Every structure is written in C-alpha cells, then in structure tokens.
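What would the 3D arrangement of this be:
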Amino acid sequence: MTESQTAKLVNSLRAAGLSYSKIGEALGVHWRTVCRWGQGKNQPPSAIAINQILAGMLAEKEAENALGLTP
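Model prediction:
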C-alpha cells in the first residue's frame, strides 16, 4: 500500500517539528484523528481541502525553520 498524500503531509509536518496536537488544533480536529491520517488508517472526508491546508502549513514551517525563526 502506498502512503497517501495526507499521510505524507502529516508526516512531513511532524518531521518539521509540529505535534499532532498543533496540526489538529490548526485544522479543528482531535490530535488522534491527525495521528490516524499520518498512519494511513483513515482519510479526511475532504482530503483535497485538508491536503491544501497541510501543504500550506508545511511551507510555512519550512520557511520558519530555514530562517531560524523557531527554537
């Protein structure tokens, strides 16, 4: 089974330093839901919209990390 786009984005955000809780808070969902998405157990009901939001969050986090704006 291949990793879904949602799982890739969630795992990339985790690798960039965001917790499941922070991702869930930004999306208005429980951290366990985000964890399940990252593990590929579930998919969000509107994956296209969620993936766009996650991609934006990842770009922002990567820019912060590149500029040294986060500890």
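
Now for Y20, how many residues are close by?
20 (other Cβ atoms under 10 Å). Yep, even glycine has a C-beta here, placed from its N, CA and C like the rest.

Return the distance of the closest residue in space to it that isn't next to it in sequence relative to M57.
Nearest residue to Y20, sequence neighbours excluded (Cβ to Cβ, 6 or more residues apart in numbering): W31, at 4.0 Å. Note on W31: its distance to M57, by Cβ to Cβ, to the nearest Å, is 15 Å.

Please say which of these two ends up with more neighbours.
M57 (20 against 14).

Could you check how far that one is from A49?
M57 is 13 Å from A49, by Cβ to Cβ.

what's the longest helix along the chain packed up against?
What stands out as the longest helix in the chain, according to DSSP state H, is helix 47-67. Under the contact criterion of 3 or more Cβ pairs under 8 Å, 6 or more residues apart in numbering; DSSP states H and E, helix 47-67 touches helix 5-15, helix 20-27.

try 6 Å
On a contact count with 3 or more Cβ pairs under 6 Å, 6 or more residues apart in numbering; DSSP states H and E, helix 47-67 meets helix 5-15.

can you pull the buried residues of the helix it packs on?
Along helix 5-15, these residues count as buried under the neighbour rule (16 or more other Cβ atoms under 10 Å): 6-10, 12-14.

who touches the residue nearest in space to the middle of the chain in this structure?
The centroid of the chain falls nearest to V10 when counting by Cα atoms, centre = their mean (3.1 Å). The neighbours of V10, taking Cβ atoms under 6 Å, 6 or more residues apart in numbering as the test, are 37-38.

ok so, going back, and the angle from the longest helix of the chain to helix 20-27?
120 degrees (axes from the mean of the first three to the mean of the last three Cα atoms, to 10 degrees).

Show me what counts as buried in helix 47-67.
For helix 47-67, by 16+ other Cβ under 10 Å, it's 50-51, 54, 57-58, 61.

Over to stretch 23-30?
Those would be 23-24, 27, 29, for stretch 23-30 by 16+ other Cβ under 10 Å.

Low-confidence stretches in the protein?
1-2, 70-71 (pLDDT under 70).

All set, thanks.
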